[in-house]
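In: next input, structure requested:
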Amino acid sequence: MAQVVQEALLHHDGDKYNLLAWSIMPNHVHVLIKTNGDLVRIIQSWKSFTGKWALQNNKRFNLGIDKDATKFWMSEYWDRFIRDEEHFNNTVRYILNNPMKANLPENHIAFLYRGIQLELHSTQKLHPTQIKLIATRGQDDQKELYDLLGTKEYRKELDRQFKNEKSNFKIAIVVDMWLTGFDVPFLDSIYIDKPIQRHNLIQTISRVNRKFEGKNKGLVVDYIGIKKQMNLALKQYSEGDKDNFEDIAESIIIVRNHLDLLAKLLHTFDSSKYFNGTTIQQLNTLNLAAEYVQKTKDFETRFMGLVKRLKAAYDICAGSEQLKQAERDYTHFYLAVRSIVFKLTKGNAPDTAQMNAKVREMIKDALQSDGVEEIFKLGDEEETEQDIFDDDYLAKIDKIKLPNTKIKLLQQLLAKVIREMKKVNRVKGIDFSKKMQDLVDRYNLRDEADILRSEVYEEMAEALTNMIWEVHREFSAGDALGIDFEEKAFYDILKELCVKYDFNYPEDKLIELAKAVKDLVDGQAKFPDWNKRDDIKSALKVGLILLLDEFGYPPVERDEVYVEIFEQAENFKKNQGR
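Out: Numbers count the residues shown, from 1 in each chain. Next up is the predicted model:
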């Protein structure tokens, strides 16, 4: 929603008004503009566009608007004119500092959607909100740095903003990111303060050498002394020109060969509407193509392999003028289809770096156009997810008309819930993983004759859905025994060992022992770094052995029993609180 509001503010910037500063808060917006036009009409245009969008997309993005609401914005708004320079500076400061004044956490999305815009030839200094740090974060980072670097979604949003010429984001401080495939044609200056050499150096300075209207050169500012490495790199690439040209020429041949192979592989699929149709037809063609290549596992594997090799060759010759536009378009089409299938299977789209912005957005929309956008948050631990066992949630998947796509989504959802189960209950997690693998193996054995038999897909979808609910029931299965989910995890390992090593143990004592083991693990392993400390782990092992002996478990001599119980204890503590 914040992105839509910001885009609305920027839409008529430089035309009907000059946008000077803004801050988009959770429940209100601050805007400072310079205009001679009708302020009422300007504000009405913002409210009209964003309000309609909010009401239309309320359910899709879970905006929390009342179902029977007929408007998004309040009718009234508060405005005032700037009196003098001091008033102007105070107002800008107030707008930009609004998220801090509201005591919002440092990683709140409001910090992304605020800013000021510099006018051409202005001597005004950059404000800190126009400068961002882009680097991956790790668990060992100090809290201040960890919070500053933000989530993966935060970095994606920075990527999107920096590629927008009108964005308030002006300076990016980059650490080992945004080099290969990061394309911002209007970027004109780069400041280097890190030792770089060979092809990495060439790639780095190439970020500012793209042609763009109004830009006649790129500026590279050297803070560390890269001149020697630059000369070596240029010499190496100059001397290697002949080899490089041969590599490019060979890559073009490979690209054309693979485009021909892919055209023959998909000869019965009509892709014409992707190239000549409306946006909706293009999106639909992408989804249908992804469905088509999944018709059998062998067909899918062959397609994915061909496109992977196509991409490897295209990466080398993408800048060559010998490639025709039609060849580029078909390459982007195949990469887009592969990304959708990859996303369905693995949860990540791998090929977007080399594709143009239009195709990237099309892939994103194609994944959303069947109402499956929430499902793709499943593999991202940083995403806020709704209840994956919600009836409405599974109903969304059930409405998807593309059978292979539906099955892949159910597969991904089942894998997610099993991972959650395995974090606490290792035994049941492994058991469900095996059951799921059996289902997937059956699905992968489908042949082309099954394409015409809808019951094959319906049975698979039903089996996956039933297993999802089976896992769901397991989360509360301990209720019948008078134990909670965590205690049930130890009950299951104790019970399984009775079967595995063929000995009997009273049910009531088994429940009592499961509770005692869980209490012991909680007490012994209360330190965050317990799994790295041998002294704590040794004390836990001794405590478990003494407790089991106290309960007379196992009634036979089997050292392996202690090992497996301790593995469950380690698994439980490692994932506790996640």
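In: run the chain-centre distance for whatever helix or strand residue 466 lives in.
Out: In the assignment (DSSP states H and E), residue 466 maps to helix 454-475. How far helix 454-475 lies from its chain's middle: 26 Å, per CA atoms, centre = their mean, to the nearest Å.
In: which residues are in contact with it?
Out: 389, 394, 398, 403-404, 406-407, 410-411, 413-414, 417-418, 421, 425, 428, 432, 435-436, 439, 442-443, 446, 450, 485 (CB atoms under 8 Å, 6 or more residues apart in numbering). Bear in mind the C-beta positions are built from the backbone N, C-alpha and C, glycine included.
In: check which residues of it are buried.
Out: Neighbour-count burial for helix 454-475, counted by 16 or more other CB atoms under 10 Å, picks out 456-457, 460-461, 463-465, 467-468, 471, 474-475.
In: so where's the stretch 351-500 of the chain uncertain?
Out: 351-399, 446-456 (pLDDT under 70).
In: repeat the analysis, applying 50 as the threshold.
Out: 352-355, 371-386, 452 (pLDDT under 50).
In: go on, the chain?
Out: For the chain, residues meeting the criterion pLDDT under 50 lie at 120-123, 240-245, 352-355, 371-386, 452, 578.
In: how is it divided into domains?
Out: Domain segmentation of the chain under automatic domain parsing yields 2-125, 243-347, 375-475, 494-575.
In: chain center to the shortest one: distance?
Out: Going back to what we said before, that points to domain 494-575. Worked out by CA atoms, centre = their mean, domain 494-575 lies 38 Å from the chain centre.
In: then stretch 186-193?
Out: Counting by CA atoms, centre = their mean, stretch 186-193 comes out at 27 Å from the chain centroid.
In: go on, stretch 205-222?
Out: With CA atoms, centre = their mean, you get 30 Å for stretch 205-222.
In: now the terminal residues of it, how far apart.
Out: The first residue of stretch 205-222 is 11 Å away from its last residue (CA to CA, to the nearest Å).
In: in it, which residues are buried?
Out: 205, 207-208, 218.
In: equivalent analysis for stretch 98-110, please.
Out: Buried residues in stretch 98-110 (16+ other CB under 10 Å): 98-99, 109-110.
In: can you check stretch 491-505 too?
Out: Buried, per 16+ other CB under 10 Å, within stretch 491-505: 491-498, 505.
In: go on, stretch 144-161?
Out: Per 16+ other CB under 10 Å, stretch 144-161 contains these buried residues: 149-150, 154-155, 157-159, 161.
In: need the max-distance pair from these.
Out: 149 and 161 (15.8 Å; CB to CB).
In: residue 274 and residue 290, how far apart?
Out: Separation of residue 274 from residue 290 (CB to CB, to the nearest Å) stands at 12 Å.
In: more neighbours: these two, which one.
Out: Using other CB atoms under 10 Å as the criterion, residue 274 and residue 290 rank with residue 290 on top: 27 against 23.
In: show me which helix runs longest in the chain.
Out: In the chain, taking DSSP state H as the definition, the longest helix is helix 241-265.
In: so what touches the next helix or strand after that helix?
Out: On the C-terminal side of helix 241-265, the nearest following helix or strand under DSSP H and E is helix 272-276. By CB under 8 Å, 6+ apart, the residues outside helix 272-276 that reach it are 281-282, 284-286, 289, 329, 333.
In: need the max-distance pair from those.
Out: Most distant of those, by CB to CB, are 284 and 329, 17.5 Å apart.
In: more neighbours: the two, which one.
Out: A direct count of neighbours by other CB under 10 Å for residue 284 and residue 329 places residue 284 higher, at 17 against 14.
In: after the strand or helix carrying the more buried one, which helix or strand is next?
Out: Assessed by DSSP H and E, residue 284 sits inside helix 279-293. Of the helices and strands lying after helix 279-293 in sequence (DSSP H and E), the nearest is helix 297-317.
In: same for that next one, what does it pack against?
Out: helix 241-265, helix 279-293, helix 325-346 (3 or more CB pairs under 8 Å, 6 or more residues apart in numbering; DSSP states H and E).
In: try 6 Å this time
Out: Helix 297-317 is packed against helix 241-265, helix 325-346, with contacts defined by 3 or more CB pairs under 6 Å, 6 or more residues apart in numbering; DSSP states H and E.
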